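*Asks:* Pasting the sequence and the predicted coordinates here, then a few questions.
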Amino acid sequence: MNKTLGADTHPCCQPDARQQSFGFRTVRRFFFPCSFRLRQISEMPPARVTIRQLAARLALSKSTVSAALAGDHRVRPATRERVVAEAQALGYRPHPHFRILGAQRRQGSVNEGSTIALLMRSADLSRTPRYSTARKRARELGYRTEVWPIDHYPDPLELARILYHRGIQALLLVTGCRFDTGADFPWDHFAVVATGHRTGPATVDRLEHDTFVGMQIAWQKIRAAGWRRIGAYLPFDPPNPTLRDQKRLAAFRFFQEQDSRHQDRLPPLQAPFGQPDPFRHWFETHRPEAVIGITDAPITDQRFLPTNCAPLPFVNLQIGERPRQTAGVRVYGTQAQIAAVDWLDEKMRLGLFGLSSPARTILLEPEWQAGKSFWPRPNVTGRAHHPN
């Protein structure tokens, strides 16, 4: 006998044979998607604002609006600012596929007139000539560059508004620029790359030098020069060591354990920067023959070593761009500047604006730099021991 199909006897409500164990209510959820679909439709975002709509509202041609949004210098500044303001008010977002096609069509001229802002601290403005390689690379790719001291703009939104209205879409956060504004800064308007371990928020794409490889280079150079008792002076900024400090410490201990010839395993010293007493006590207690460090203080500040102490062979793990006579590992050199600008150029071409999730990191291999602070160990005959 056929039964009238009620709400609970509709075929769609009958549990599937493979799903009996889930129970009747669970199966009903699977077979009635109508309300879910209606909810999805009602919550869909509004349609994307197009360049055609912007042009109609501003009584401009589509080509003028497109050029203004791209920061083209041929568009009058007043017109460009008017277009940018209207686009921001309407929530305009360029379609990433159209950006890619436009970049391919122009074959390298997509960036003509665009600007890369180098964000740094006021205290580092004197170091601007050190970024000449980055600025030269930017010019080769068709960009202009501007230097912006971020501490002149305590309000992140004000800084973002000025950058945006100047047509700046690419930001390079240089080493030492602790630009961590969190959610207060509208990152979605900019392509961003940082150089350095503590530069910008944790979620920004960055280039860093490889801490492990840097320690490996220093260790191998010292061992090849004949020194056996190798110490490490790894100071940190109070109150606690950072992740980079911990990476250096781990790398030093790793090479201590791996070096089968190294019988004298001296404990590394971690102490706050600028304090000679801990270093002098550590030096007098363990008597290292050579030291790996991240600051030249042990060889430039007489307070760090005991009176009448012989010169100490020293290798610095983070030699920057400034010319110096210290031996060590050069980091963030010209290769880092070129790589950072190239990465920004790629993001601009692909329309990759905002912070990445997850953030990406490119590790750069440091380079060895010889210097007067390091020399081979004399052998028993008094002649220098030359590395193999």
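*Replies:* Right, received. Where do you want to start? Everything quoted here is computed from the prediction, not taken from an experiment.
*Asks:* so what are the domain limits for the protein?
*Replies:* 51-93, 115-209+333-366, 211-330 (automatic domain parsing).
*Asks:* Excluding chain neighbours, what is closest to residue 189?
*Replies:* residue 164 (5.5 Å; C-beta to C-beta, 6 or more residues apart in numbering). C-beta: built from backbone N, CA, C; applies to glycine.
*Asks:* count of neighbours near that neighbour?
*Replies:* For residue 164, the neighbour count with other C-beta atoms under 10 Å is 18.
*Asks:* unless I'm mixing things up, it is touching residue 81, no?
*Replies:* No. Distance between residue 164 and residue 81: 9.8 Å, which falls outside the contact criterion (C-beta atoms under 8 Å).
*Asks:* closest to residue 375 out of the domains of the chain?
*Replies:* domain 211-330 (6.1 Å; C-beta to C-beta).
*Asks:* First-to-last residue distance for the closest one?
*Replies:* Using C-alpha to C-alpha, to the nearest Å, the end-to-end distance of domain 211-330 comes to 11 Å.
*Asks:* now do stretch 139-147
*Replies:* 14 Å.
*Asks:* Enumerate the positions of that stretch that are buried.
*Replies:* Residues 141, 143-145 are the ones in stretch 139-147 that count as buried (16 or more other C-beta atoms under 10 Å).
*Asks:* Counting by contacts, list what the helix or strand encompassing residue 194 packs against.
*Replies:* Assigned by DSSP states H and E, residue 194 belongs to strand 191-195. Under the contact definition 3 or more C-beta pairs under 8 Å, 6 or more residues apart in numbering; DSSP states H and E, strand 191-195 sits against strand 168-173, strand 206-209, helix 334-350.
*Asks:* Now mean pLDDT too, for those, in CSV please.
*Replies:* Shown next, in CSV, are the helices and strands packed on strand 191-195 (pLDDT from 0 to 100):
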stretch, mean pLDDT
strand 168-173, 92
strand 206-209, 88
helix 334-350, 89
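*Asks:* Pipe those into a markdown table and attach distance to residue 85 and mean neighbour count per row.
*Replies:* As requested, these are exported to a markdown table (distance: least, C-beta to C-beta, whole Å; neighbours: other C-beta atoms under 10 Å):
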| stretch | distance to residue 85 | mean neighbour count |
| --- | --- | --- |
| strand 168-173 | 15 | 25 |
| strand 206-209 | 31 | 23 |
| helix 334-350 | 21 | 20 |
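*Asks:* Tell me which of those sits nearest to residue 291.
*Replies:* The closest of those to residue 291 is strand 206-209. By C-beta to C-beta, the value is 20.0 Å.
*Asks:* I'd like to know which elements that closest one is packed against.
*Replies:* Judged by 3+ C-beta pairs under 8 Å, 6+ apart, strand 206-209 is in contact with strand 191-195, helix 334-350, strand 361-364.
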